[in-house]
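Engineer: Return a 3D structure for these sequence lines:
(one chain, ligands or ions: 1)
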Amino acid sequence: MRDLPTPDAPATDLRGIGDTSWQARAGCRGMDPGDADALFFPLPRDHEAIAEAKELCDPCPVRRECLNHALENGLREGTWGGLTEAERRPWHEGLSHRLDHSRVIAFFKGRDVHLSEAERRVVIDHAYVRGWRPERLALALRINPKHARDLLRQAADKVLDRDRNHGMPRAGSRGRKRSVPSTAEAPSTSAPTPRPVRRPSAQSPLGKAA
Ligand code: SF4
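Structural biologist: Here you go, the predicted model:
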């Protein structure tokens with residue numbers, strides 16, 4: 001965990017939470033909304049519509065972005081990224097366990113990427129190891145400082161336990177736990193850039209006839 005090369009890692013091309021610019025390159029862009037609904041949200045046994053949608057999605061240059069958009073916004077109905085709702089179900093169910101370090105790196109670079117539960121836990125652990133103050137974590141995760149302080153305390157316990165179990169030396173502390181800075185202390189001078197508030201996604205198929 002401590003070897004994550006966050007400071008010098010190259011910039012990623014991950015899509016930000018509010019970034020819908022990929023829709024301009026969608027293969028289904030410009031479709032009549034009614035036709036798009038019939039094609040991408042067909043009746044369960046309308047195999048003809050499903051096959052036609054897949055044919056359209058197959059060469060689409062933003063297929064991956066489309067799939068991620070559906071996963072990150074919990075859009076379980078319809079065809080997204082060339083996958084039907086049945087085909088996407090395991091992806092939806094496994095999303096909280098996704099651990100993509102490029103997303104964690106992007107987060108520490110100030111990007112507003114979507115984090116899974118597993119990635120969020122790694123972020124909190126790293127924030128603790130880096131000595132982040134609760135205010136800074138609160139700002140970055142858009143949670144209140146008290147919650148951030150609790151999360152940093154939990155990370156402190158976890159890191160200490162792990163170091164004990166693996167016999168890792170802790171420079172200058174010999175097993176002492178690093179204290180979590182008080183929320184009353186002066187805020188960090190290097191607070192991350194505030195990130196835009198995530199907008200709830202509409203059920204309408206963004207990227208489909210957008
Ligand atoms: S539904 Fe998604 S993958 Fe299919 S054509 Fe539209 S944007 Fe591309």
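Engineer: In the helix or strand harbouring residue 105, which residues have enough neighbours to count as buried?
Structural biologist: When elements are defined using DSSP states H and E, residue 105 is found to belong to helix 101-108. Within helix 101-108, the residues that qualify as buried by neighbour count (16 or more other CB atoms under 10 Å) are 103, 104, 105, 106, 107, 108. C-betas here are computed from N, CA, C, even on glycine.
Engineer: Point me to the helix or strand that includes the residue nearest to residue 107 when sequence neighbours are not counted.
Structural biologist: The shortest distance from residue 107 to any residue other than its chain neighbours is 5.5 Å, reached at residue 123 (CB to CB, 6 or more residues apart in numbering). Here residue 123 sits within helix 117-129, counting by DSSP H and E.
Engineer: For that helix, what does the pLDDT average out to?
Structural biologist: Looking at helix 117-129 alone, the average pLDDT works out to 94.
Engineer: Next: stretch 87-98.
Structural biologist: Taken as a whole, stretch 87-98 carries a mean pLDDT of 94.
Engineer: check whether it contacts the ligand.
Structural biologist: No - counting by CB under 6 Å from any ligand atom, the ligand is not contacted by stretch 87-98; separation bottoms out at 11.8 Å.
Engineer: Please compute how far that stretch lies from its chain's middle.
Structural biologist: On the basis of CA atoms, centre = their mean, to the nearest Å, stretch 87-98 sits 13 Å off its chain's mean C-alpha point.
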